[in-house]
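Novice: sequence first, predicted coordinates after that:
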Amino acid sequence: MTDTSAPGDAGGLEKRARKNQAERKANLKTTYDFIICGAGAAGSVIARRLAENPACDVLLIEAGPDDDAESVLDPALWPTNLGTERDWGFLAEPNPHLDGRAISMSMGKGLGGGSSVNVMVWARGHRSDWDHFAAEAGDPGWNYDSVLNIYRRIENWQGKPDPKYRGTTGPVWVQPANDPSPIAGALLDAAEGLGIPRFDHPNGEMMEGAGGVAYADMLVREKRRHSLYRAYVRPIADRPNLTILSETVVRRVLFEGRRATGVEIERAGTTSAVKASTEVVISAGAINTPKLLMLSGVGDREELTRFGIPVVQHLPGVGRNLQDHVSFGCTWEYREPIPPRNSGSEATLYWKSRQELTEPDLLFCQVEFPVPSERTALRGVPAHGWTMFAGLAQPHSRGRIGLKSADPKDGPVVDANMLSDPRDLEAARACVKLCRELGSSDAFLPFVSAERIPGAGRPIDDAFIRDAAVTYWHQCGTAKMGSDDMSVVDAKLAVHGIVGLRIADGSVLPRVTTGNTMAPCAVVGERAAEIMRRQYEL
């Protein structure tokens with residue numbers, strides 16, 4: 001396979017792409033075959049796979065800016081995007097289970113979506129996740145073995161050869177952390193010292209059993225971020241059948257009866273309609289996707305009626321089942337400053353809160369700088385230190401997304417509802433306990449002087465857990481796949497009761513995957529494109 005994902009301007013691609021997209025934008029059509037709403041992890045994949053057929057006219061719409069910024073392309077600068085134009089800046093409702101805290105719920109906004117602002121960790125999910133999805137969907141095409149074939153097909157793996165689990169000919173450049181920090185190595189040694197098995201990489205055998213520890217896989221190529229937009233869309237941006245429209249907001253999906261016919265967009269202060277002759281695909285993320293559905297008349301009848309929105313299809317599950325990995329940061333002070341390397345997060349660990357579990361329910365990412373919450377920062381943040389960003393890989397708590405009004409300009413109501421289920425608080429205690437055992441092990445003695453958060457000698461109490469809780473930025477589940485009354489899409493990701501409308505992003509996952517959600521969203525995009533190409537004989 002030709003490597004079309006190479007960075008730089010090989011063969012003048014960049015110049016051709018800029019010229020082509022300028023022409024496409026200057027001559028927007030009133031109708032496209034396919035309209036994709038959102039250029040994030042899944043939307044980028046779908047745009048590429050559909051536009052590979054020159055007979056398909058594809059419009060890819062993104063609310064945020066382009067990705068040509070040093071804050072995006074330099075892996076070390078990812079935190080600088082939080083709170084900027086590249087972040088939707090959602091704020092959850094005050095949560096009584098977090099002592100009334102209203103926590104930030106950042107989500108990527110721009111070409112590449114979260115894959116352009118995240119920590120670049122490539123985590124496939126656990127075998128049990130995908131087998132669960134297949135059972136919920138009633139379709140073996142979603143099971144672990146089927147998805148493993150997709151992962152092998154799309155990867156361009158740069159680590160130690162492992163043909164059983166890794167592919168080397170796909171568009172997604174995946175590499176192990178390059179020359180990782182000694183802090184990352186210390187975590188691997190500390191975990192092994194506690195009887196946690198170590199693996200060559202975290203995306204194979206390690207995620208078929210009880211878990212383990214490994215250096216992280218990341219989407220970094222030649223020291224530059226390799227987002228899924230850069231992997232999939234940028235190499236074909238010079239094609240005349242692909243129009244990429246950034247800084248354009250989709251206000252609502254348009255219908256004739258129960259058939260989706262196009263979208264209403266706002267661009268440069270002007271509102272207009274664009275038709276889709278074949279399909280509209282919503283790939284706007286687990287917070288914006290249910291908002292867009294509800295504004296378009298698809299959702300719970302009672303809520304839509306309350307805001308005067310005509311009901312196109314009553315689907316009470318829209319906006320329900322919100323999940324996220326909740327994290328609790330523990331921080332240690334360095335003896336001497338150690339500059340972060342790569343993305344600043346180079347090792348990952350999955351393990352169990354209880355010995356009897358057969359699969360991991362805890363998620364740990366080592367971060368080479370302090371990451372406190374606004375509450376735990378009051379305990380004292382060291383000038384130089386590292387954080388165990390530790391969380392619940394399979395939380396039981398569920399939240400919801402609602403509307404504030406029928407005005408698309410108003411943000412949604414985000415009720416994250418973290419730690420509402422008592423089982424999550426119990427797992428959190430075990431999570432923080434394991435954090436402290438790792439950080440206080442002999443492996444870290446050469447590098448750290450003291451635990452600063454929670455603080456050496458301080459007990460692990462529920463007050464600390466509530467104060468420390470923050471998002472892992474892995475929101476999902478709000479338009480889940482399945483056949484029960486609360487599901488929103490079927491196994492083919494088509495919206496129940498609607499023609500010509502499909503959803504492909506983290507919102508369709510029945511439960512959050514065990515690990516970072518970028519790679520699973522890429523699979524959702526591949527599955528959606530595969531289904532569409534087969535359905536329309538493309």
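Specialist: Received the coordinates, thanks. Note that the structure is predicted; figures quoted are calculated from it, not measured.
Novice: the helices in the stretch 251-400 of the chain, which residues?
Specialist: Applying DSSP state H, counting those that start in this stretch to the stretch 251-400 of the chain gives helices spanning 285-295, 301-306.
Novice: what's the last one in contact with?
Specialist: Under the criterion CB atoms under 8 Å, 6 or more residues apart in numbering, residues 294, 297, 310, 311, 314, 316, 402, 403 lie in contact with helix 301-306. Every C-beta, even on glycine, is put in place using the N, C-alpha and C of the backbone.
Novice: pretty sure the last one sits against residue 292.
Specialist: No - no contact is recorded between residue 403 and residue 292 when judged using CB atoms under 8 Å, the distance being 10.6 Å.
Novice: more neighbours: which of these two?
Specialist: residue 292 (26 against 21; other CB atoms under 10 Å).
Novice: ok, back up a step: which of the contacts of helix 301-306 fall in strands?
Specialist: Restricting the contacts of helix 301-306 to those inside strands, with DSSP state E as the criterion, leaves 314, 402.
Novice: so which of the contacts of helix 301-306 wins on neighbours?
Specialist: The most neighbours of any of those, using other CB under 10 Å, belong to residue 294, which has 24 neighbours.
Novice: let me see the confidence value for residue 11.
Specialist: The predicted local distance difference test score for residue 11 is 72.
Novice: ok, it to residue 238 distance?
Specialist: Shown here: residue 11 relative to residue 238, a distance of 10 Å by CB to CB, to the nearest Å.
Novice: swap in residue 515?
Specialist: In this view, residue 515 and residue 238 are 34 Å apart by CB to CB.
Novice: between the two, which has more neighbouring residues?
Specialist: Applying other CB under 10 Å to residue 515 and residue 238 shows that residue 515 carries more neighbours, namely 27 against 18.
Novice: not counting sequence-adjacent ones, nearest residue to that one?
Specialist: Taking CB to CB, 6 or more residues apart in numbering as the measure, residue 515 lies nearest to residue 123, with 3.2 Å between them; neighbours along the chain are not counted.
Novice: what helix or strand is that neighbour on?
Specialist: Assigned by DSSP states H and E, residue 123 belongs to neither a helix nor a strand.
Novice: about what we covered before: what would the helices of the stretch 251-400 of the chain look like in a markdown table with distance to residue 348 and mean pLDDT?
Specialist: A markdown table is the format used below for those (distance: least, CB to CB, whole Å; pLDDT from 0 to 100):
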| stretch | distance to residue 348 | mean pLDDT |
| --- | --- | --- |
| helix 285-295 | 22 | 98 |
| helix 301-306 | 38 | 97 |
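Novice: would you mind finding the most buried of the ones you listed?
Specialist: Comparing these by mean neighbour count (mean count of other CB atoms under 10 Å), helix 285-295 comes out on top with a mean of 27.
Novice: against which helices or strands is it packed?
Specialist: Contact partners of helix 285-295 among helices and strands, from 3 or more CB pairs under 8 Å, 6 or more residues apart in numbering; DSSP states H and E: strand 248-256, strand 270-282, strand 400-402.
Novice: between strand 270-282 and it, find me the angle.
Specialist: Between helix 285-295 and strand 270-282, the angle formed by their directions is 120 degrees, by axes from the mean of the first three to the mean of the last three CA atoms, to 10 degrees.
Novice: how far does helix 285-295 sit from its chain's centre?
Specialist: Going by CA atoms, centre = their mean, to the nearest Å, the spacing between the C-alpha centre of helix 285-295 and its chain's C-alpha centre is 15 Å.
Novice: that helix vs strand 248-256, what angle?
Specialist: Inter-element angle recorded for helix 285-295 and strand 248-256: 40 degrees (by the same axes, to 10 degrees).
Novice: tell me how many other residues crowd residue 533.
Specialist: Other residues near residue 533 number 15, with proximity taken as other CB under 10 Å.
Novice: alpha carbons of the helix or strand hosting it, as CSV, please.
Specialist: Per DSSP H and E, residue 533 falls inside helix 518-535. This file holds the C-alpha atoms of helix 518-535, laid out as CSV (Å, rounded to 0.1, in the frame of the first residue of the first chain):
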residue,chain,number,x,y,z
MET,A,518,-9.7,7.8,20.1
ALA,A,519,-8.9,4.4,18.7
PRO,A,520,-12.4,3.0,19.3
CYS,A,521,-13.8,6.0,17.6
ALA,A,522,-11.6,5.3,14.5
VAL,A,523,-13.1,1.8,14.5
VAL,A,524,-16.6,3.2,14.7
GLY,A,525,-15.8,5.4,11.6
GLU,A,526,-14.3,2.4,9.7
ARG,A,527,-17.4,0.3,10.5
ALA,A,528,-19.8,3.0,9.5
ALA,A,529,-18.0,3.6,6.2
GLU,A,530,-17.8,-0.1,5.5
ILE,A,531,-21.6,-0.5,6.1
MET,A,532,-22.4,2.6,4.0
ARG,A,533,-20.2,1.5,1.1
ARG,A,534,-21.8,-1.9,1.1
GLN,A,535,-25.3,-0.5,1.4
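Novice: so where's this protein uncertain?
Specialist: In the prediction, the chain carries residues with pLDDT under 70 at positions 1-10.
Novice: pull the contacting residues for the residue nearest to residue 515.
Specialist: Contacts for residue 123 were tallied using CB under 8 Å, 6+ apart; they are 202, 203, 217, 348, 513, 515, 516, 517, 518, 519.
Novice: distance to residue 256 added to those, as CSV?
Specialist: As requested, the contacts of residue 123 are exported to CSV (distance: CB to CB, whole Å):
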residue, distance to residue 256
202, 47
203, 44
217, 45
348, 48
513, 36
515, 41
516, 39
517, 34
518, 35
519, 37
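Novice: returning to what we had before: could the helices and strands packed on helix 285-295 go into CSV alongside distance to residue 96?
Specialist: Conversion of the helices and strands packed on helix 285-295 to CSV gives the following (distance: least, CB to CB, whole Å):
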stretch, distance to residue 96
strand 248-256, 33
strand 270-282, 32
strand 400-402, 15
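Novice: and of the ones you listed, who's closest to residue 31?
Specialist: Distances from residue 31 to each of those were compared using CB to CB; the minimum, 4.2 Å, belongs to strand 270-282.
Novice: buried sites along the closest one?
Specialist: For strand 270-282, the buried set under the neighbour-count rule, 16 or more other CB atoms under 10 Å, comprises 274, 276, 278, 279, 280, 281, 282.
Novice: what packs against it?
Specialist: Secondary elements touching strand 270-282 (3+ CB pairs under 8 Å, 6+ apart): strand 31-37, strand 248-256, strand 259-267, helix 285-295, strand 501-503.
Novice: swap in 6 Å and give it another go.
Specialist: Applying 3 or more CB pairs under 6 Å, 6 or more residues apart in numbering; DSSP states H and E, one finds that strand 270-282 makes contact with strand 31-37, strand 259-267, strand 501-503.
Novice: most tightly packed of those?
Specialist: Of all those, strand 501-503 has the most neighbours on average by mean count of other CB under 10 Å, namely a mean of 27.
Novice: what sits up against it?
Specialist: 260, 280, 281, 282, 479, 489, 493, 494, 495 (CB atoms under 6 Å, 6 or more residues apart in numbering).
Novice: do that again at 7 Å, thanks
Specialist: 253, 260, 279-282, 289, 479, 488-489, 493-495, 528 (CB atoms under 7 Å, 6 or more residues apart in numbering).
Novice: one more: stretch 220-239?
Specialist: Under the contact criterion CB under 7 Å, 6+ apart, stretch 220-239 has outside partners 4-5, 7, 13, 16-17, 20-21, 39, 41, 44-45, 47-48, 51, 67, 72-73, 75, 111-112, 115-116, 120, 171-173, 175, 219, 242, 244, 342-343, 522.
Novice: that stretch: how far from the chain's middle?
Specialist: For stretch 220-239, the gap between its own C-alpha mean and the chain's C-alpha mean amounts to 17 Å (CA atoms, centre = their mean).
Novice: again, but for stretch 378-392
Specialist: Mean-position distance between stretch 378-392 and its chain equals 23 Å (CA atoms, centre = their mean).
Novice: and the end-to-end length of it?
Specialist: One end of stretch 378-392 sits 24 Å from the other (CA to CA, to the nearest Å).
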